[in-house]
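Chemist: Next one to model:
(one chain, ligands or ions: 1)
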Amino acid sequence: MEAPLQTELVELVPNGKHSEGLLPVITPMAGNQRVEDSTQSCVEGKGFLQKSPSKEPHFTDFEGKTSFGMSVFNLSNAIMGSGILGLAYAMANTGIILFLFLLTAVALLSSYSIHLLLKSSGIVGIRAYEQLGYRAFGTPGKLAAALAITLQNIGAMSSYLYIIKSELPLVIQTFLNLEEKTSDWYMNGNYLVILVSVTIILPLALMRQLGYLGYSSGFSLSCMVFFLIAVIYKKFHVPCPLPSNFANVTGNFSHMEVIEEKAQLQVETEAADLCAPSYFTLNSQTAYTIPIMAFAFVCHPEVLPIYTELKDPSKKKMQHISNLSIAVMYVMYFLAALFGYLTFYDGVESELLHTYSKVDPFDVLILCVRVAVLTAVTLTVPIVLFPVRRAIQQMLFPDQDFSWLRHVLIAIGLLTCINLLVIFAPNILGIFGVIGATSAPCLIFIFPAIFYFRIVPTDKEPARSTPKILALCFAVLGLLLMTMSLSFIIIDWASGTSRHGGNH
Ligand SMILES: NC(=O)C[C@H](N)C(=O)O
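Modeler: Coordinates of the predicted model:
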């Protein structure tokens, strides 16, 4: 991969102590203090993205060519994925107020962690997550980061392909106006996933630069905006309770020998209960909330590759891009969760889209929404695959130049593994829960904080300085969240109370 190649030229010194010898490779005039402000950031950009002056600037050169807007699209697309479909379920298990509080906290913490990553990367002139790990802790640091990125992003891609597997057959069935599912190959989710992977995802995943994917990311985001509008619209057009639920309630009462009006009254009260929003809820499923939210905001493996390709890069500009993307996604996440929840209340499933099938599986708007979400997640796969391929190259071929053969083979290998995984994935919440509870806290909280602590020199920020203490608290918070969510999930599984929702 060409862009990070410069990083690989940097002589890396594991331990977090700063070798002066490293800096001239990046930019001699920057000296000991790496670029920390916007005036110096040009130096950082030039040093990092060296290119031959005789060469015409070109998209595939080292010099970043991706505009601010395209980078916002790419990062937003990296953030936005299947996480959005799990949020209404999270809201049903927390209540509106607690959900809003937790969502705000996760969004703010996510932005702070990008700040830590950018600051560490500015200090050592490295724009690759794994190499920050190497600078901080040597090979174990690099491997831990690469492993977490691989796990997280493979989990994310599997969940996207899982959506394709479960939704695409329904879309085709509706298009063909078929009452029943047939046994034709085009109704088989497994074949369809393979087809989409080969024809759409693989060609996009072969791009050498993330910057090229800006347009597809923009399109993917507009599909998600359409999804959001449809969710809001449906809130006002789907009856509550759903006729099927209502029939259950009525059915129960018809067995009882009570006066008809009294039964009717109770039915209405029960229906009203089913359709009243809760502001604060705690139950066994609340444990999934933080992992689902953490999963939804993960974009950290993509931040540094996007930074590398940014035109006129500076830490401040990249932080703006990140804050803007997180803010837009925060609003979209909240609205999607709120209106999804207010449509089905406690009846919402772990995968929101699936819940709409209960209303009318052949509804045209829902069909369009399905197509939009399918398009959005399909176009997100190449963005999320990018850092995994990088991590694998870092782990297996650390010092080798770019090779098209390796680039193509890793993409094919990865897509093959993910396809196999999807064919056996138990259900989408399992993926959100376990990945969100393990690699997501590592990538968002623990690694950025401990890498920062080790990388920022003590003469610049002593170990007891406020930023470093804050960073340590951040790592401890991540550790706590990870342990808490994992133990809740294990208890939930062990006790068999898990109602994973969805019919997957
Ligand atoms: N990029 C990721 O790792 C997951 C993404 N945040 C999602 O919601 O699907």
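
Chemist: which residues sit in contact with whatever residue of the stretch 201-350 of the chain ends up closest to the ligand?
Modeler: Going by Cβ to the nearest ligand atom, the ligand is nearest to Val298 of the stretch 201-350 of the chain, at 3.8 Å. To be clear about C-beta, it is placed using only N, CA and C from the backbone, and glycine gets the same treatment. For Val298, the contact set (Cβ atoms under 8 Å, 6 or more residues apart in numbering) comprises Ile79, Gly83, Ser110, Gln152, Ala156, Ala440, Leu443, Ile444.

Chemist: switch the cut-off to 7 Å
Modeler: Each residue near Val298 by Cβ atoms under 7 Å, 6 or more residues apart in numbering is listed here: Gln152, Ala440, Leu443, Ile444.

Chemist: now do Pro448
Modeler: Ser113, Leu116, Leu117.

Chemist: quick one: which helix or strand includes it?
Modeler: If you go by DSSP states H and E, Pro448 is part of helix 447-455.

Chemist: gap between that helix and the chain center?
Modeler: 21 Å (Cα atoms, centre = their mean, to the nearest Å).

Chemist: re the thing from before, for the contacts of Pro448, which one is nearest Ala88?
Modeler: Nearest to Ala88 among the contacts of Pro448 is Ser113, at 25.2 Å by Cβ to Cβ.

Chemist: hang on, the earlier thing: for the contacts of Val298, which single residue is the most surrounded?
Modeler: In terms of neighbours by other Cβ atoms under 10 Å, the contacts of Val298 top out with Ala440 at 34 neighbours.

Chemist: so what's that one up against?
Modeler: Ala440 touches Gln152, Pro291, Ala294, Phe295, Val298, counting by Cβ under 7 Å, 6+ apart.

Chemist: I figured the first one hits Ser439, correct?
Modeler: Yes: Gln152 is within contact range of Ser439, at 3.9 Å (criterion: Cβ atoms under 7 Å).

Chemist: near the ligand, which residues of the chain?
Modeler: Residues of the chain that fall close to the ligand, judged by Cβ under 6 Å from any ligand atom: 78-79, 81-83, 152-153, 156, 295-296, 298-299, 384.

Chemist: one more time with 5 Å
Modeler: Residues of the chain lying close to the ligand (Cβ under 5 Å from any ligand atom) are Ile79, Gly81, Ser82, Gly83, Ala156, Ala296, Val298.

Chemist: show me where pLDDT drops low in the protein?
Modeler: Within the chain, the ranges that satisfy pLDDT under 70 run 1-62, 243-273, 425-433, 436, 496-504.

Chemist: now the helix ranked longest in it: how far from the chain's centre is it?
Modeler: For the chain, the longest helix by residue count, based on DSSP state H, is helix 129-175. Centroid displacement of helix 129-175 relative to its chain, using Cα atoms, centre = their mean, is 9 Å.

Chemist: and the gap between the closest residue in space to the residue of the stretch 201-350 of the chain closest to the ligand that isn't next to it in sequence and Phe386?
Modeler: Nearest residue to Val298 in three dimensions, chain neighbours excluded: Ala440, at 5.1 Å (Cβ to Cβ, 6 or more residues apart in numbering). Using Cβ to Cβ, to the nearest Å, one obtains 18 Å as the distance from Ala440 to Phe386.

Chemist: Run through the helices of the stretch 401-504 of the chain in chain order.
Modeler: Using DSSP state H, counting those that start in this stretch, the helices of the stretch 401-504 of the chain run over 404-424, 428-437, 439-441, 447-455, 466-495.

Chemist: most tightly surrounded among those?
Modeler: Of these, the one with the most neighbours on average (mean count of other Cβ atoms under 10 Å) is helix 439-441, at a mean of 29.

Chemist: Most neighbours among the residues of the chain next to the ligand, please name it.
Modeler: The most crowded member of those, judged by other Cβ under 10 Å, is Ala156 (32 neighbours).

Chemist: That one touches Leu385, doesn't it?
Modeler: No: with contact defined as Cβ under 7 Å, Ala156 does not reach Leu385; the gap is 9.6 Å.

Chemist: Can you give me the neighbour number for Ser166?
Modeler: 24.

Chemist: can I assume it is in contact with Asn188?
Modeler: No: using Cβ under 7 Å, Ser166 is not in contact with Asn188, being 11.7 Å away.

Chemist: returning to what we had before: between helix 466-495 and the helix holding Pro448, find me the angle.
Modeler: Orientation check (axes from the mean of the first three to the mean of the last three Cα atoms, to 10 degrees): helix 447-455 against helix 466-495 gives 140 degrees.

Chemist: Using CSV, list the CA coordinates for helix 447-455.
Modeler: Backbone C-alpha positions of helix 447-455 (Å, rounded to 0.1, in the frame of the first residue of the first chain) are rendered in CSV as follows:
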residue,chain,number,x,y,z
PHE,A,447,-5.5,1.4,22.8
PRO,A,448,-5.7,5.1,21.9
ALA,A,449,-5.2,5.9,25.6
ILE,A,450,-2.3,3.6,26.4
PHE,A,451,-0.6,4.3,23.1
TYR,A,452,-0.9,8.0,23.8
PHE,A,453,0.4,7.5,27.3
ARG,A,454,3.5,5.8,26.0
ILE,A,455,4.1,7.8,22.9
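
Chemist: which SS state does the residue in the stretch 351-500 of the chain that the ligand sits nearest to fall under?
Modeler: Residue nearest to the ligand within the stretch 351-500 of the chain (Cβ to the nearest ligand atom): Val384, separated by 5.2 Å. Under DSSP: H, G, I helix; E, B strand; the rest coil, Val384 falls in the helix class.

Chemist: Please report how far it lies from Gly413.
Modeler: 16 Å.
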